[in-house]
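Engineer: output the structure for:
(one chain, ligands or ions: 3)
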Amino acid sequence: MTLILDGKAHAERMLAEVAAGVADRIARGHRPPCLAVVLVGEDPASHVYVRGKVADCARTGIRSVEHRLPAETPQADLEALVRTLNTDPAVDGILVQLPLPAGLDAKRVLHLLDPAKDVDGFHPVNQGLLLEGLPGLRPCTPSACMSLLKAHGIDPKGTRAVVLGRSEIVGKPMALMLLEAHATVTIAHSRTRDLPGLCREADILVAAVGRPGMVEGSWVKPGAVVIDVGINRVEDVALGERIFAADPARLATLKAKGGVLCGDVRYAEAALVAGAITPVPGGVGLLTRAGLMANTLQACR
Ligand SMILES: NC(=O)C1=CN([C@@H]2O[C@H](COP(=O)(O)OP(=O)(O)OC[C@H]3O[C@@H](n4cnc5c(N)ncnc54)[C@H](OP(=O)(O)O)[C@@H]3O)[C@@H](O)[C@H]2O)C=CC1
Ligand SMILES: Nc1nc(=O)c2c([nH]1)NC[C@@H]1CN(c3ccc(C(=O)N[C@@H](CCC(=O)O)C(=O)O)cc3)C=[N+]21
Ligand SMILES: [Mg+2]
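Structural biologist: Ligands and ions are numbered 1, 2, ... in the order given. A predicted model of the protein is given here:
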């Protein structure tokens, strides 16, 4: 039997814990934690994610303040906003939604953040603390994945872990956290040779690539734990017919609605082989949001 690692259920547990922490602070006379969300431009997916984050704030008692800027905002104006939020004592956490519109330099903005308010864990100081194995604000997606493993009694110690993707926000920090948990970690990327063969050696396989259905069932070692971070919208029916060969319901939805969400893993195929697997949607995405709430409470404390 394949264990479905239910992100929704675990996100609920994480949110309940944050809500209790917030309530406790308020009961002790503190103001609620406050998260400032900076959203530049009109990327529809970013708007959906930000709406989700604001909803999670409301649920946990965290105050959220949205700053929406037009896509044409000059770099200097965005940086001025970040400086203002850095020094605003009413703001505990700052999230600059990525990707930024073309023409804006995300790295410069992230380096400017007060590390103590960097609830995404993207500032070099927080990255450095993670590298050193010290406490700090850690990236939400990989920490939520670790929390999900822990909640299901899955201990990475001694296992072979393969992380597909080496981005600053998912792949690299995920690999560091698995390493910290005593896995033997391989990081793969677009230049890696024989990806299928490498994946077949993984006891824990994390896919964070951004290519719908890239990981086929035949790439998964029997009994492996599969964590699918990818969130991709598939609209192309020809692509859907390939990646959803084992998933007629998903293919039907794609045809009926003109689009469907899909991870980097072919869920229906992989679930037949894996010992445990996260679905998309209903997996890591919701946990990332819950992780952000936990980081905001931590930043406030
Ligand atoms: N669930 C959640 O909360 C979140 C989900 N995501 C999703 O996760 C996915 C990855 O996001 P992110 O890390 O930001 O992506 P990036 O685009 O920043 O990085 C993608 C990584 O995948 C590698 N890659 C791309 N194509 C291939 C290939 N054909 N074979 C092997 N490796 C490949 C790239 O390699 P190289 O470095 O060589 O270019 C790169 O390291 C996306 O679908 C994104 O939407 C992201 C953040 C949070
Ligand atoms: N500064 C910054 N921090 C981020 O954490 C960040 C970001 N920028 N840019 C984009 C990625 C992506 N991301 C997701 C958050 C929630 C879901 C989520 O809630 N997913 C649900 C619903 C998916 C849907 O309906 O679209 C699910 O998987 O079930 C997904 C993806 C955060 N990111
Ligand atoms: Mg990226």
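Engineer: who are the neighbours in contact with Val280?
Structural biologist: When contacts are counted by CB atoms under 8 Å, 6 or more residues apart in numbering, Val280 touches Asp228, Gly230, Ile231, Leu261, Cys262, Gly263, Val265, Tyr267. For the C-beta atoms, the positions are set from N, CA and C on the backbone; glycine is no exception.
Engineer: also within reach of ligand 2: list those from those residues.
Structural biologist: Checked against ligand 2 using CB under 6 Å from any ligand atom, those yield the following neighbours: Ile231, Leu261.
Engineer: only the buried subset of the contacts of Val280, as a ChimeraX command please.
Structural biologist: Here is the ChimeraX selection string for the buried members of the contacts of Val280, based on 16 or more other CB atoms under 10 Å:
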select :228,230,231,261,262,263,265,267
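Engineer: mind checking pLDDT for the residue of the stretch 1-150 of the chain at minimum distance from ligand 1?
Structural biologist: Residue of the stretch 1-150 of the chain nearest ligand 1, by CB to the nearest ligand atom: Thr141 (4.4 Å). Thr141 carries a pLDDT value of 97.
Engineer: you'd agree it is up against Val170?
Structural biologist: Yes: at 5.2 Å, Thr141 counts as touching Val170 under the criterion of CB atoms under 8 Å.
Engineer: identify the contacts common to those two.
Structural biologist: Ala208, Val229.
Engineer: from the contacts of Val280, which ones fall inside strands?
Structural biologist: The strands, defined by DSSP state E, take in Asp228, Leu261, Cys262 from the contacts of Val280.
Engineer: list the helices and strands the particular helix or strand that has Val162 in it packs on?
Structural biologist: Taking DSSP states H and E as the definition, Val162 sits inside strand 160-164. Secondary-structure packing of strand 160-164 (3 or more CB pairs under 8 Å, 6 or more residues apart in numbering; DSSP states H and E): helix 171-180, strand 184-188, helix 195-199, strand 204-207.
Engineer: what packs against the second one?
Structural biologist: The one in question is strand 184-188. Looks like strand 184-188 contacts strand 160-164, helix 171-180, helix 195-199 (3+ CB pairs under 8 Å, 6+ apart).
Engineer: so is the longest one next to ligand 2?
Structural biologist: This points to helix 171-180. No: against ligand 2, helix 171-180 shows no contacts by CB under 6 Å from any ligand atom, the least distance being 11.7 Å.
Engineer: out of the helices and strands packed on strand 184-188, deepest packed?
Structural biologist: strand 160-164 (a mean of 26; mean count of other CB atoms under 10 Å).
Engineer: any chance you could list what contacts that one?
Structural biologist: Residues outside strand 160-164 that contact it (CB under 8 Å, 6+ apart) are 171, 174-175, 178, 183-189, 195, 198-199, 201-209, 214-215, 264.
Engineer: buried ones among the residues you listed?
Structural biologist: The neighbour count (16+ other CB under 10 Å) marks 171, 174-175, 178, 183, 185-188, 195, 198-199, 202-209, 214-215, 264 as buried among those.
Engineer: and the average pLDDT for the host helix or strand of Ala16 is what?
Structural biologist: Per DSSP H and E, Ala16 falls inside helix 7-27. The average pLDDT within helix 7-27 is 97.
Engineer: buried residues in that helix, which are they?
Structural biologist: Within helix 7-27, the residues that count as buried by 16+ other CB under 10 Å are Gly7, His10, Ala11, Met14, Leu15, Val18, Ala19, Gly21, Val22, Arg25.
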